[in-house]
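A.B. asks: here is a sequence with its predicted model. Questions after.
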There are 4 protein chains.
Amino acid sequence: MDITIEQAELISSAARKKAQEIGVPMNIAIVDAGANLKAFHRMDNAWLGSIDIAIRKAKTARLFDMESGDLGKLSQPEEPLYGIEVTNGGLVSFPGGIPLKNTAGEIVGAIGVSGGTVQQDREVALTGAGAFV
Amino acid sequence: MDITIEQAELISSAARKKAQEIGVPMNIAIVDAGANLKAFHRMDNAWLGSIDIAIRKAKTARLFDMESGDLGKLSQPEEPLYGIEVTNGGLVSFPGGIPLKNTAGEIVGAIGVSGGTVQQDREVALTGAGAFV
Amino acid sequence: MDITIEQAELISSAARKKAQEIGVPMNIAIVDAGANLKAFHRMDNAWLGSIDIAIRKAKTARLFDMESGDLGKLSQPEEPLYGIEVTNGGLVSFPGGIPLKNTAGEIVGAIGVSGGTVQQDREVALTGAGAFV
Amino acid sequence: MDITIEQAELISSAARKKAQEIGVPMNIAIVDAGANLKAFHRMDNAWLGSIDIAIRKAKTARLFDMESGDLGKLSQPEEPLYGIEVTNGGLVSFPGGIPLKNTAGEIVGAIGVSGGTVQQDREVALTGAGAFV
């Protein structure tokens, strides 16, 4: 099972609608079960630097099947995964990357959002993930 | 002037519709005036290797304000730009990347398509570019 | 709107004059609205290692529309953006990168300065940015 | 002996004046004796993809102390240096990169120009190199 482009579009649309509601232009990336890019949208006036971060958040979430922010708790100085960011061509270990689960509970991809505070990014990503049915 | 996400969506939709008509799943990337990624869609079953190619085709078309295939004519052995592919972090010099012009004739971005033969890729890219109004 | 080469020259000249006043040879980079390099000058005897840093500071400031040093406050261990430096091909998150705003208040590029202490770098960058009219 | 920033400015100005005369916006890079970037200018409306190429042409010319186009003659299929472009992080082996010699005949840097045809690029680079006194 893998995510379809229709599903990716629904997820991304829900995320963008949320971003508009909170008034923060976002970059939104969705990767598939293989952690390969499936869809990407940069809202007008979203940070250019967040293109790369949104994609890496989504990849990070699928590469380790956990929220990117949860990886971040393990990658601080003195923590078990300190320095993991430099692997895999560059990971992002702060919030905004969320695994996507289908109704059977299988992880079939991930969403990554970047453009606001990490709390805003995560909120928008959760809204997108919640639209996955 | 820069391309908007709404315009990018229209262009991408037109391209995907064309890809469905010819029965070839495609990767479709759109970059803005600064050659930064604006939108990306991978149709179901499109080649994974074409994700990177679609994005690079779009970038190549905007970086040199010409079709990626036109650059390819100049980059053959013994031709003036032989070897140009290794610059800019990797260019793609075969067809499928097309500059996007607004109604004022300004180039404000580019579309890159990859997933079929280069003729099919170019046809789909032209259809997308033609939807830009 | 984008920065012109004439504006970039004025900004760079003002920055270099300031660098001479404080007696520290600097590398000075200016990027445009798309975060692409517009102008670069390395003063005689400026650190070779600062070529790359000056360019990355300018890019960082435009990629996130904030001073590079402000990003640095957020990227310390335990802070929200810890590890962000590995994204976008390598960011610089200490002072010396400043967004460039035109008279309409639009950010149309950024200046990055490297060669002295970060305080000196920032002082020179601010002088350059202040010459933008 | 190394090139100074004043000399680099003179060389770049002469090149840009020539580019204006022939009506082609150019990217102009100058590297020093160590092949490190000394000065760079992108004229308004010059190709974004030529930023990287101008810098690489200058580096290539200094790395091998010959015109970039002369290296290109040796890097064609069946020729002795076939494939050399992928070394040194990416070389450019078509015309537009010229070593800079001081009055003593020492090579102290190089100029790289990109933005037009390779003939135009070389013409502008030669004009710049000719201004080195």
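C.D. replies: Sure, I can see it.
A.B. asks: of all of chain A, which residue lies closest to chain D?
C.D. replies: A:L48 (13.6 Å; CB to the nearest CB). Yep, even glycine has a C-beta here, placed from its N, CA and C like the rest.
A.B. asks: which residue of chain A sits farthest from its center?
C.D. replies: Residue distances from the centre of chain A (CA atoms, centre = their mean) peak at A:E78, which lies 25.8 Å from the mean C-alpha position.
A.B. asks: so the host helix or strand of A:I55, near chain C or not?
C.D. replies: A:I55 belongs to helix A:49-63 when assigned by DSSP states H and E. Yes - using CB under 8 Å from any CB of the partner chain, helix A:49-63 comes into contact with chain C via A:49-50, A:52-53, A:56.
A.B. asks: Serialize the residues you listed to TSV and add fields for neighbour count, distance to A:G112 and pLDDT.
C.D. replies: Conversion of the residues of helix A:49-63 next to chain C to TSV gives the following (neighbours: other CB atoms under 10 Å in any protein chain shown; distance: CB to CB, whole Å; pLDDT from 0 to 100):
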residue	neighbour count	distance to A:G112	pLDDT
A:G49	26	14	97
A:S50	28	10	98
A:D52	22	10	98
A:I53	30	8	98
A:R56	29	7	98
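A.B. asks: kindly indicate which of the residues you listed lies nearest chain B.
C.D. replies: Using CB to the nearest CB, the residues of helix A:49-63 next to chain C come closest to chain B at A:D52, 8.8 Å.
A.B. asks: what angle sits between the helix of greatest length in chain A and helix B:5-22?
C.D. replies: The residue-count maximum for a helix in chain A (DSSP state H) belongs to helix A:5-22. Angle, helix A:5-22 to helix B:5-22, by axes from the mean of the first three to the mean of the last three CA atoms, to 10 degrees: 170 degrees.
A.B. asks: sheet-wise, list the partners of the next helix or strand after helix A:5-22 with their directions.
C.D. replies: Proceeding N to C from helix A:5-22, the next assigned helix or strand is strand A:27-32, under DSSP H and E. Sheet pairing for strand A:27-32, assigned by DSSP bridges, gives strand A:37-42 (antiparallel), strand A:107-114 (antiparallel).
A.B. asks: tell me the most buried of those?
C.D. replies: The highest average neighbour count among the strands paired with strand A:27-32, using mean count of other CB atoms under 10 Å in any protein chain shown, belongs to strand A:107-114 at a mean of 29.
A.B. asks: pLDDT on that one, on average?
C.D. replies: Averaged over strand A:107-114, pLDDT sits at 97.
A.B. asks: can you pull the contacts of the nearest residue to A:A15 once chain neighbours are set aside?
C.D. replies: In space, and not counting its chain neighbours, A:A15 is closest to A:G128: 3.3 Å by CB to CB, 6 or more residues apart in numbering or on different chains. A:G128 is in contact with A:11-12, A:14-15, A:18, A:28, A:30, A:98, A:111, A:113, counting by CB atoms under 8 Å, 6 or more residues apart in numbering or on different chains.
A.B. asks: got the contact list for A:L91?
C.D. replies: Counted by CB under 8 Å, 6+ apart, A:L91 has contacts A:56, A:59-60, A:63, A:68, A:71, A:84-85, C:83, C:86.
A.B. asks: relative to chain B, how far out is it?
C.D. replies: A:L91 sits at a distance of 19 Å from chain B (criterion: CB to the nearest CB, to the nearest Å).
A.B. asks: can you check A:G112 too?
C.D. replies: A:G112 is 13 Å from chain B, by CB to the nearest CB.
A.B. asks: bridging residues for the most centrally placed residue in chain A?
C.D. replies: Nearest to the mean C-alpha position of chain A, by CA atoms, centre = their mean, lies A:G112 at 1.5 Å. Listed by DSSP bridges, the beta-bridge partners for A:G112 are A:A29, A:G97.
A.B. asks: that one touches A:F94, doesn't it?
C.D. replies: No - applying CB atoms under 8 Å, one finds A:G112 not in contact with A:F94, separated by 11.0 Å.
A.B. asks: any shared contact partners between those two?
C.D. replies: Contacts common to A:G112 and A:F94, judged by CB under 8 Å, 6+ apart, are A:S68.
A.B. asks: nearest residue to the closest residue to chain C within chain A in space, please, no chain neighbours.
C.D. replies: Of all residues in chain A, the one sitting closest to chain C is A:G49 (2.8 Å; CB to the nearest CB). Among residues not flanking A:G49 along the chain, C:L63 sits closest, at 2.8 Å (CB to CB, 6+ apart).
A.B. asks: and the pLDDT at the one you found?
C.D. replies: 97.
A.B. asks: dump the residue contacts of it.
C.D. replies: Applying CB under 8 Å, 6+ apart, the residues near C:L63 are A:47-50, C:35, C:88, C:91.
A.B. asks: may I see those residues arranged in CSV, with distance to C:Q120 as well?
C.D. replies: Formatted as CSV, the contacts of C:L63 follow (distance: CB to CB, whole Å):
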residue, distance to C:Q120
A:W47, 28
A:L48, 27
A:G49, 25
A:S50, 30
C:A35, 24
C:N88, 25
C:L91, 21
